[in-house]
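K.L.:
Just need the structure, nothing else, for what follows:
(one chain, ligands or ions: 2)
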Amino acid sequence: MAQDSPPTVQNQTLLLPCHECDLVSEVTVRESSQWLQCPRCQHPLMRPADSDQLTPALASTALVLLALSLLFPYLGFEKGGLERTMTLTDAAYELAVYHHPFLAVMVIATIVVIPALYLISVCWIHVSLAGPRLLPGSLLLARWLPRLQPWMMADVFAIAALVSLVKIIAMAHIQLQSAFWTFTGYALLLLVTVTRMNTIGLWQRLLGNLQQPAGARSGLTALEQNLTGCPWCGQLQPPGGHHCRRCGSHLHERNPFSLQRVWALLITAILCCIPAHLFPIMITTSLGKTEPSTIIAGVMLFIRHGDWPIALVIFTASVLVPFGKILALGWLCAATRQHQSLDMDSQMKLYRITEWIGRWSMIDVFVVAITVALFQLGNILTVEPGVGGVAFSAVVIFTMLAAHQFDPRLIWDRQRGSTASPHPPLESSP
Ligand SMILES: [Zn+2]
Ligand SMILES: [Zn+2]
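P.N.:
Ligands and ions are numbered 1, 2, ... in the order given. Below is the predicted model:
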């Protein structure tokens with residue numbers, strides 16, 4: 001480790017507010033690189049680190065793999081003497097050609113542009129941390145990192161490619177091209193980079209130690225002490241300001257109109273469900289015969305062909321998850337109005353699953369993008385995207401926005417009694 005690295009974080013005692021339940025806990029860092037969890041809701045609070053060279057190394061390798069994935073063909077197939085290969089940009093280009101620019105932007109933004117911005121930001125911030133002073137824009141990028149994270153879907157696209165393979169393997173001879181492997185590596189490294197990133201730990205390294213407001217103590221929520229905890233950098237501060245005095249992020253005691261926004265987004269998502277399931281997601285033209293296919297028809301086709309596992313994946317991602325998510329968020333909103341003590345563990349599990357699972361619904365949209373990009377064989381076989389795909393993407397976006405608008409601290413606010421007994425100080429040693 002470098003001799004001139006910042007002062008060690010070990011043996012520090014910090015007061016940290018939990019982003020999900022608002023409880024302030026006393027944290028003693030005995031060993032860096034160990035995740036510290038909230039004692040009440042088990043939300044991972046921070047992973048202290050003196051320095052981190054692995055994360056930027058992973059991020060820069062992922063960027064190189066992404067660049068290679070864009071340069072070379074992704075999938076190829078041969079059918080009746082006709083050969084065709086597709087690149088990742090072909091998937092977006094073909095969607096745009098068929099007057100679905102929204103789908104094209106959605107695909108290229110979630111699998112290339114947003115992850116690339118994220119990885120470049122990670123590298124920039126770590127280069128900045130290694131130097132004598134911070135590089136321009138480092139703090140702005142650190143503010144944006146956690147906001148970009150939910151919209152990166154390279155791993156979902158990699159799984160969608162596997163589903164597409166099962167779908168088209170019966171129709172043509174498929175070749176996995178070089179970009180298929182580099183993209184899979186990139187998706188994997190992106191996932192590892194994201195799991196290593198920790199907002200509070202990063203702000204600690206960028207701006208130094210948290211300041212502890214006078215009179216703040218553990219075992220009570222920030223709200224009960226008339227304080228607000230910054231969800232991004234963990235700074236406790238008096239309420240009133242619209243921006244965190246430490247990291248400059250937007251700050252609210254509780255997200256304003258959280259429940260109203262969630263309901264509005266859920267109702268919009270329910271309305272979008274109607275065209276998403278009524279209109280075709282894909283239109284296949286083979287030898288002059290046109291066959292539109294809705295989401296449910298696609299699932300039924302897999303069942304008829306005996307591909308039960310794939311039918312189950314598509315049914316779960318496209319039907320169960322969006323509807324389940326709408327019901328779960330509706331129920332959580334209703335739970336914030338309940339006065340009696342509810343099973344908080346189950347509610348937090350439901351909230352976390354709902355927040356995590358949403359982007360996996362994009363599998364079917366990515367399968368359409370890959371199939372459309374591959375099958376452009378004129379009269380022999382042409383696949384076009386349908387308007388159902390646009391509506392379905394809207395369902396995914398609105399349910400994801402609804403999950404992000406929901407403030408989980410609201411369900412804990414009804415459980416004031418549960419903070420009566422102070423929690424013991426939390427230590428990071430195993
Ligand atoms: Zn908590
Ligand atoms: Zn802050």
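K.L.:
contacting residues around the residue nearest to Asp155 when sequence neighbours are not counted?
P.N.:
Distances taken as Cβ to Cβ, 6 or more residues apart in numbering put Ala187 closest to Asp155, at 4.7 Å, once the chain neighbours are dropped. From N, CA and C alone the C-beta is placed, and that goes for glycine too. By Cβ atoms under 8 Å, 6 or more residues apart in numbering, the contact list for Ala187 reads 154-155, 157-158.
K.L.:
low-scoring stretches of the stretch 301-430 of the chain, by residue?
P.N.:
339-342, 415-430 (pLDDT under 70).
K.L.:
Just the closest residue of it to ligand 2, please.
P.N.:
Arg409 (15.8 Å; Cβ to the ion).
K.L.:
now do the stretch 1-150 of the chain
P.N.:
Arg143 (8.7 Å).
K.L.:
Alongside ligand 1, which residues does the protein contribute?
P.N.:
For the chain, the contact set with ligand 1 under Cβ under 5 Å from the ion comprises 18, 20-21, 38, 40-41, 43.
K.L.:
Throw those into TSV and include neighbour count, pLDDT and secondary structure, thanks.
P.N.:
Shown next, in TSV, are the residues of the chain next to ligand 1 (neighbours: other Cβ atoms under 10 Å; pLDDT from 0 to 100; DSSP: H, G, I helix; E, B strand; the rest coil):
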residue	neighbour count	pLDDT	secondary structure
Cys18	26	92	coil
Glu20	22	89	coil
Cys21	24	89	coil
Cys38	22	89	coil
Arg40	21	88	coil
Cys41	22	88	coil
His43	15	88	coil
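K.L.:
tell me which of those is nearest to Val319?
P.N.:
Minimum separation from Val319 among those (Cβ to Cβ) is found for Glu20, which lies at 28.5 Å.
K.L.:
on that earlier part again, check the contacts of Ala187 and tell me the two furthest apart.
P.N.:
It's Asp155 and Phe157 that sit farthest apart of the contacts of Ala187, by Cβ to Cβ, at 7.3 Å.
K.L.:
Show me which of the two is the more surrounded one.
P.N.:
Phe157 (24 against 19; other Cβ atoms under 10 Å).
K.L.:
Contact partners for that one?
P.N.:
Shown in contact with Phe157 (Cβ under 8 Å, 6+ apart): 107, 110-111, 183, 187, 366.
K.L.:
In helices, which of the residues you listed appear?
P.N.:
107, 183, 187, 366 (DSSP state H).
K.L.:
near ligand 2, which residues of the chain?
P.N.:
Proximity of the chain to ligand 2, by Cβ under 5 Å from the ion, involves residues 230, 232-233, 235, 244, 246-247.
K.L.:
Kindly recompute the last result at 8 Å.
P.N.:
By the rule Cβ under 8 Å from the ion, the part of the chain lying against ligand 2 is 203, 230-235, 244-249, 251.
K.L.:
Tell me the one of these nearest Leu75?
P.N.:
Trp232 (39.3 Å).
K.L.:
Am I right that that closest one is in contact with His243?
P.N.:
No - using Cβ atoms under 8 Å, Trp232 makes no contact with His243, being 10.9 Å away.
K.L.:
Which one of these two is surrounded by more residues?
P.N.:
More neighbours surround Trp232 than the other of Trp232 and His243, with 23 against 11 (other Cβ under 10 Å).
K.L.:
so how far is Ser218 from the closest residue in space to the more buried one that isn't next to it in sequence?
P.N.:
Excluding its sequence neighbours, the residue lying closest to Trp232 (Cβ to Cβ, 6+ apart) is Ser249, at 4.5 Å. Distance from Ser249 to Ser218, counting by Cβ to Cβ, to the nearest Å: 23 Å.
K.L.:
if we can go back for a sec, how many neighbours does the residue nearest to Trp232 have?
P.N.:
20.
K.L.:
need the contact list for it.
P.N.:
Contacts of Ser249 by Cβ under 8 Å, 6+ apart are 143, 230-233, 243.
K.L.:
what would those look like in JSON lines with secondary structure and pLDDT?
P.N.:
Below are the contacts of Ser249 laid out as JSON lines (DSSP: H, G, I helix; E, B strand; the rest coil; pLDDT from 0 to 100):
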{"residue": "Arg143", "secondary structure": "helix", "pLDDT": "92"}
{"residue": "Cys230", "secondary structure": "coil", "pLDDT": "90"}
{"residue": "Pro231", "secondary structure": "coil", "pLDDT": "88"}
{"residue": "Trp232", "secondary structure": "coil", "pLDDT": "90"}
{"residue": "Cys233", "secondary structure": "coil", "pLDDT": "90"}
{"residue": "His243", "secondary structure": "strand", "pLDDT": "90"}
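K.L.:
Can you pick out the most distant pair from those?
P.N.:
Largest pairwise distance in these, by Cβ to Cβ, is 12.8 Å, between Pro231 and His243.
K.L.:
those helices in the stretch 51-200 of the chain, which residues are they?
P.N.:
Secondary structure of the stretch 51-200 of the chain (DSSP state H, counting those that start in this stretch): helices at 54-71, 88-97, 101-108, 114-130, 138-148, 154-168, 178-196, 199-207.
K.L.:
Name the residues of the third one that come out as buried.
P.N.:
Translated: helix 101-108. For helix 101-108, a neighbour-count test (16 or more other Cβ atoms under 10 Å) marks 103-104, 106-108 as buried.
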